[in-house]
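J.: please find the sequence and the predicted model below.
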Amino acid sequence: MEVNCEGCAGCCLDWRPLGAPDDREREGRYRALDDTYHLVPLSRDEIRAFVDDGLGDALVPRLFAADGERTTRIDGHDVAAIGDRPAFLVGLRKSTKPVAPFGGDRVWLDACGFLDPDTLRCRIHDTDRYPERCRTYPGHNLELDADTECERVERVHGESGERLRDDTVPADLPPPPLGQGALGSTVFLHPDPDGLGGAVARLVAGESTPEDRAAFVAAAAASAPGTGAVNDDRYERERERVLAADSWVSAADTEWRAAAGGPGESVTDAPDATSVEETRGAPPTDEWDD
Ligand code: SF4
């Protein structure tokens, strides 16, 4: 699968203010309850590895609104569930950063915590932390005969640069993250629905607390693939580690939030990305391959 991400990063940022043609995460049978655009779902093993690396505070949960019997009601929302246990994903946190994608001027947009806003390159590409979903995303869309993000960007912002260079489905494409067999691997069930009152409302409002996020991240890390089981002891250990995490992603997020304008607003003044992220420990990015 060959893509040209230079000057784009459409997969890594929320470009709805720049004309993203639809919002597929909030359509259909299961609709994201939060307002994050293009959350990258992580596997249980990836979640554990992020927590091991002290990056548990860079992770966020996602729950879904649904209709019908497979729901449970929490904080006034019909949440997709199995029995009374809400189903959720865990993905990478976003921060509002100053970026200039698609050949335009710099604007404030929500972007993946790991995106270098200056170069529009991924800080964890080619590392052990690079999510499988980021590697396979265009291939899964091609397999489903759905537009890739590359094609959506080309449609709205022109085809200069030819972003999708190869439109064949990769032979080594793994199963989609939300397909059959995802329970306990990329889709998790929270073990304590009675303890979630207030947390779901805060997630919907974009006001989740570290404790809210840790309760979901720990449940995912303590899940067993192929089942809804959660190991109680591991849950407690993982929760404490997530709450203790103090990564550069969180520290940078605090500074970006304090400086940010509204979504899509022109950047008139912004702190330097190197000082906000790299001086706090963010890995520098590599040059683009030709
Ligand atoms: S991990 Fe990297 S490639 Fe994936 S969304 Fe974040 S910045 Fe983009």
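T.: On my side now, so go ahead.

J.: which bits of this structure sit near the ligand?
T.: Residues of the chain found near the ligand (Cβ under 6 Å from any ligand atom) are 11-12, 40, 92, 112, 114-115, 122, 124, 131, 134. No exception for glycine: its C-beta is placed from N, CA and C like everyone else's.

J.: can you give me the helices in the stretch 101-250 of the chain?
T.: 132-143, 149-157, 199-205, 210-221, 232-244, 248-259 (DSSP state H, counting those that start in this stretch).

J.: can you list these in a markdown table and add mean pLDDT?
T.: Listed next are the helices of the stretch 101-250 of the chain as a markdown table, based on pLDDT from 0 to 100:
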| stretch | mean pLDDT |
| --- | --- |
| helix 132-143 | 71 |
| helix 149-157 | 85 |
| helix 199-205 | 97 |
| helix 210-221 | 98 |
| helix 232-244 | 98 |
| helix 248-259 | 97 |
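
J.: and among those helices, the most buried is which?
T.: A comparison of the helices of the stretch 101-250 of the chain by mean neighbour count, using mean count of other Cβ atoms under 10 Å, puts helix 210-221 on top with a mean of 23.

J.: then that helix to CSV, C-alphas only?
T.: Taking Å, rounded to 0.1, in the frame of the first residue of the first chain, the C-alpha atoms of helix 210-221 are listed here in CSV:
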residue,chain,number,x,y,z
PRO,A,210,-8.0,11.5,34.1
GLU,A,211,-10.0,9.1,36.4
ASP,A,212,-12.7,8.6,33.8
ARG,A,213,-10.2,7.8,31.1
ALA,A,214,-8.1,5.5,33.3
ALA,A,215,-11.2,3.4,34.2
PHE,A,216,-11.7,2.5,30.5
VAL,A,217,-8.0,2.2,29.6
ALA,A,218,-7.4,-0.1,32.5
ALA,A,219,-10.4,-2.3,31.7
ALA,A,220,-9.2,-2.6,28.1
ALA,A,221,-5.7,-3.5,29.2
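
J.: quick one, what contacts residue 63?
T.: 32-34, 77, 79-80, 86-88, 200, 203 (Cβ atoms under 8 Å, 6 or more residues apart in numbering).

J.: wasn't it part of a helix?
T.: No: assigned with DSSP: H, G, I helix; E, B strand; the rest coil, residue 63 falls outside any helix and is strand.

J.: ok, residues contacting stretch 185-202?
T.: So stretch 185-202 is contacted by 33, 41-44, 63, 72, 74-77, 79, 81-82, 84-90, 177-178, 183, 208-209, 212, 215-216, 219-220, 223, 225-226, 228, 230, 232, 235 (Cβ under 8 Å, 6+ apart).

J.: of those, grab the buried ones for ChimeraX.
T.: Here is the ChimeraX command that selects the buried residues among the contacts of stretch 185-202 (16 or more other Cβ atoms under 10 Å):
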select :33,41,42,43,44,63,72,74,75,77,79,81,85,86,87,88,89,90,177,183,208,212,215,216,219,220,223,228,230,235
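
J.: so where's this protein uncertain?
T.: The model of the chain has pLDDT under 70 over residues 1-3, 138-146, 159-167, 169-180, 289-290.

J.: all strands of it, in order?
T.: 31-32, 59-65, 71-74, 77-82, 85-92, 94-99, 107-112, 115-116, 121-122, 188-189 (DSSP state E).

J.: looking at those, which is closest to residue 19?
T.: strand 107-112 (11.9 Å; Cβ to Cβ).

J.: buried ones in the closest one?
T.: Neighbour count says strand 107-112 has 107-112 buried, by 16+ other Cβ under 10 Å.

J.: just the angle for that strand relative to strand 94-99, thanks.
T.: 140 degrees (axes from the mean of the first three to the mean of the last three Cα atoms, to 10 degrees).

J.: can you pull the contacts of the most centrally placed residue in the chain?
T.: Central residue of the chain (Cα atoms, centre = their mean): residue 39, 3.0 Å from the mean position. By Cβ under 8 Å, 6+ apart, the residues touching residue 39 are 25, 32, 60, 62, 89, 91-92.

J.: residues in contact with the spatially closest residue to residue 268 that is not a sequence neighbour?
T.: Leaving aside its sequence neighbours, residue 268 sits nearest to residue 261 (Cβ to Cβ, 6 or more residues apart in numbering; 7.6 Å). Applying Cβ under 8 Å, 6+ apart to residue 261 gives the contacts 108, 267-268.

J.: 10 Å - rerun?
T.: 96, 98, 107-108, 267-270 (Cβ atoms under 10 Å, 6 or more residues apart in numbering).

J.: any idea how far residue 275 is from it?
T.: According to Cβ to Cβ, to the nearest Å, residue 261 and residue 275 sit 19 Å apart.
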